[in-house]
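Student: turn this into a model:
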Amino acid sequence: MRRERCYALKANPRNKLEGKIRGELGTDAKTTSFLVGSCTYIDTPIIFSYYEAPIIRYLIEDGQALLDIYIPKEDMWPDILVQQNDLIVNSGDKWDIDFRTNFLRVQKTHGSTYFQIDLRKEVAEIEGQFSIGGKQFKFNPTSTNLGGATIAGGTFVRCGGGIAYGDNKHKLHWPNYGMARPGATFVPIQ
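Tutor: Numbering: from 1, shown residues only. As a prediction, this is how the structure comes out:
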């Protein structure tokens, strides 16, 4: 392409104009080991949940790991959504998104990792730094920080769930348009 055409495309990227990036975060691997922040999860399908709503989880179907990831914006609507490896990222406020086979890195500002997943290795790696309900969650290689608490290292083997944040009295329901008043709700557990 001519130089002018390249600069015109860079000035108006399609993903920025559409506001979303869609694709498949595919892997044929039967990955059951994840390094999330500084913790390792082996055969632990729910890696991280918030008030019983899974944030990072997987299941194995037909020999393939299928990921579900829900990273919400402050209003609790999805900012990054992966449903059985189908990916949607809201691109409007992102500085850079690197998306290719088995890899996703989302940066809100230059040099920082908002969310990253690398499925190219035997042990899948996930990093992130995001907020849910006003609480900061940081999953980086040296530590895992959960709303003020810190875990440095740790291995979860064959657990139904890894890290669960919240109390045992409420369950979060994500917002959806089937609700009379769409918005996240905390429902008492009976």
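Student: where does this structure have its least confident helix or strand?
Tutor: helix 14-18 (a mean of 58; mean pLDDT, DSSP states H and E).
Student: give the buried residues for the helix or strand that that helix is followed by.
Tutor: Of the helices and strands lying after helix 14-18 in sequence (DSSP states H and E), the nearest is strand 20-24. Of the residues in strand 20-24, residue 21 count as buried by neighbour count, 16 or more other Cβ atoms under 10 Å. Where C-beta positions appear, they are placed from N, C-alpha and C, glycine not excepted.
Student: can you check stretch 167-187 too?
Tutor: 171-172, 174-175, 184, 186.
Student: just the terminal-to-terminal distance for that stretch.
Tutor: 12 Å (Cα to Cα, to the nearest Å).
Student: whichever strand or helix holds residue 49 pairs with which strands, parallel or anti?
Tutor: Element membership of residue 49 [criterion: DSSP H and E] is strand 46-50. Within its sheet, strand 46-50 is paired with strand 53-61 (antiparallel), strand 161-165 (parallel), according to DSSP bridges.
Student: any regions of the protein where pLDDT drops low?
Tutor: Counting by pLDDT under 70, the chain contains low-confidence residues at 1, 6, 9-18, 27-30.
Student: still on that earlier bit, mind listing which of the buried residues of stretch 167-187 are in helices?
Tutor: Taking DSSP state H, every one of these sits outside helices.
Student: nearest to residue 86 among those?
Tutor: Ranked by distance to residue 86 (Cβ to Cβ), these are led by residue 174 at 16.4 Å.
Student: give me the outermost residue of this structure relative to its centroid.
Tutor: residue 2 (37.6 Å; Cα atoms, centre = their mean).
Student: what distance do you get for that residue to residue 8?
Tutor: Distance of residue 2 to residue 8, computed by Cβ to Cβ, to the nearest Å: 9 Å.
Student: tell me which element residue 7 falls in.
Tutor: helix 3-11.
Student: ok, what's across the strand from the residue sitting nearest the centre point of the chain?
Tutor: Nearest to the geometric centre of the chain sits residue 69, at 4.4 Å (Cα atoms, centre = their mean). Counting by DSSP bridges, residue 69 is bridged to residue 56, residue 82.
Student: and the strands paired with strand 46-50, which is most packed in?
Tutor: Per-stretch averages of neighbours, counted by mean count of other Cβ atoms under 10 Å, single out strand 161-165 among those, with a mean of 20.
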